[in-house]
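Asks: I'll drop the sequence and a predicted model, then ask my questions.
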Amino acid sequence: MSVPPTIDHRATRYSLAHAYWLAKASGLAYKDEGAIEEQVRAWGFDRVRHHQTRFSAPFPLQDTQAFTAASDHMIIIAFRGTEPAQIKDWLSDATTPPVPGPSGTGYIHHGFGEALESIYPEVKNSLDEFRDNGQSVWFTGHSLGGALAMLAGARMYLEAPRLAAEGVYTYGQPRVCDRLLAAACNKGFKDRMYRFVNNNDIVPQLPPEPVFTHADALRYIDSRGKLHESMPLIGALADRARGLTADALAPASDGVRDHSIKNYVTALEKNLS
């Protein structure tokens, strides 16, 4: 298998190549509008809409950004993430009470709920406008963007099941919800929701359990960069320990280094090659 020259607009199911291109889209969400437009058009998307909103919440993050790119066969909604240093304390705040999830299903982290609510109507309107040919729909994002992609996909599915996206792919996503909403996503997005975690990436370990949890369908990248569809607990613990010792001078930095979207893209490219 090799890296395909561009994204397959007719993709309808999971593939490593598709995961690679959605990781690239997640990374692109960090760029400015001009760079985003130039790149998505090079990928074959002829329509793009930028979303940026501000919201009021007692957290360090005060805005949400995303873009929607559409072609005749595919629509991608990519949410921008943030750096671990900016959200670590926020995600670790166990005093923040959860709030009801989409359509009253389970509970979600208050900050994620506020961030998504600030932008979801605009994203939904763009999707309604662009989806004029029965295009497949894909939500993606890295870090905070992964949390918002997961929640946006869950909200669309729970509010209008017939509009459920073909896939939700996240990279370095923090825990977003309780077990009830996670179970609903596992059922509604079976074989369509994938959560990629790079070795010791610290963000997927936050906010703390047991209040918050992850949906299933983990794709784990080990300390050598190999992708696994599952990872037994003992094997994962040993591999994480190996990752921590990779940099003898700064072992604690591994959790931040592994969070970089560039490292996710590089690892997926390596597995394709």
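Replies: That came in fine, so what should we check first?
Asks: all helices in the stretch 151-273 of the chain, in order from the N-terminus.
Replies: Remark: helices of the stretch 151-273 of the chain, listed N- to C-terminal, are 179-188, 233-244, 254-257, 261-272; assignment by DSSP state H, counting those that start in this stretch.
Asks: Go through those and find the least confident stretch.
Replies: Lowest mean pLDDT of the helices of the stretch 151-273 of the chain: helix 233-244, a mean of 50.
Asks: In the chain, where is pLDDT below threshold?
Replies: 1, 55-62, 83-96, 231-255 (pLDDT under 70).
Asks: Mind listing the strands the helix or strand harbouring residue 140 pairs with, and their directions?
Replies: Using DSSP states H and E, the secondary-structure element containing residue 140 is strand 136-142. Next to strand 136-142 in the sheet, as set by DSSP bridges, lie strand 74-79 (parallel), strand 167-171 (parallel).
Asks: Okay, angle between that strand and helix 261-272 too, please.
Replies: Following axes from the mean of the first three to the mean of the last three CA atoms, to 10 degrees, one obtains 120 degrees for the angle between strand 136-142 and helix 261-272.
Asks: Tell me which residues are up against strand 136-142.
Replies: Residues from elsewhere that reach strand 136-142 (CB atoms under 8 Å, 6 or more residues apart in numbering): 10-12, 22-23, 25-27, 29, 66, 73-81, 127, 131, 146-150, 152-153, 163, 165-173, 261, 264. Just so you know, the C-beta spots here come from the backbone N, C-alpha and C atoms, and that holds for glycine as well.
Asks: mind listing what residue 167 touches?
Replies: 13-14, 18, 22, 136, 138-139, 189, 192-194.
Asks: what about 7 Å?
Replies: Taking CB atoms under 7 Å, 6 or more residues apart in numbering, we find residue 167 in contact with 138, 192.
Asks: how close does it sit to residue 7?
Replies: When distances are taken as CB to CB, to the nearest Å, residue 167 and residue 7 turn out to be 12 Å apart.
Asks: what is in contact with the two at once?
Replies: Once CB under 7 Å, 6+ apart is applied, it turns out that residue 167 and residue 7 contact no residue in common.
Asks: Dig out what residue 108 forms beta bridges with.
Replies: Using DSSP bridges, the bridge partners assigned to residue 108 are residue 99, residue 177.
Asks: Contacts only, for it.
Replies: Residues in contact with residue 108 (CB under 7 Å, 6+ apart) are 98-99, 101, 151, 176-177, 181.
Asks: could you check the angle strand 136-142 makes with the longest helix along the chain?
Replies: Counting residues, the longest helix in the chain under DSSP state H turns out to be helix 110-130. Relative orientation of helix 110-130 versus strand 136-142 (the same axes, to 10 degrees): 150 degrees.
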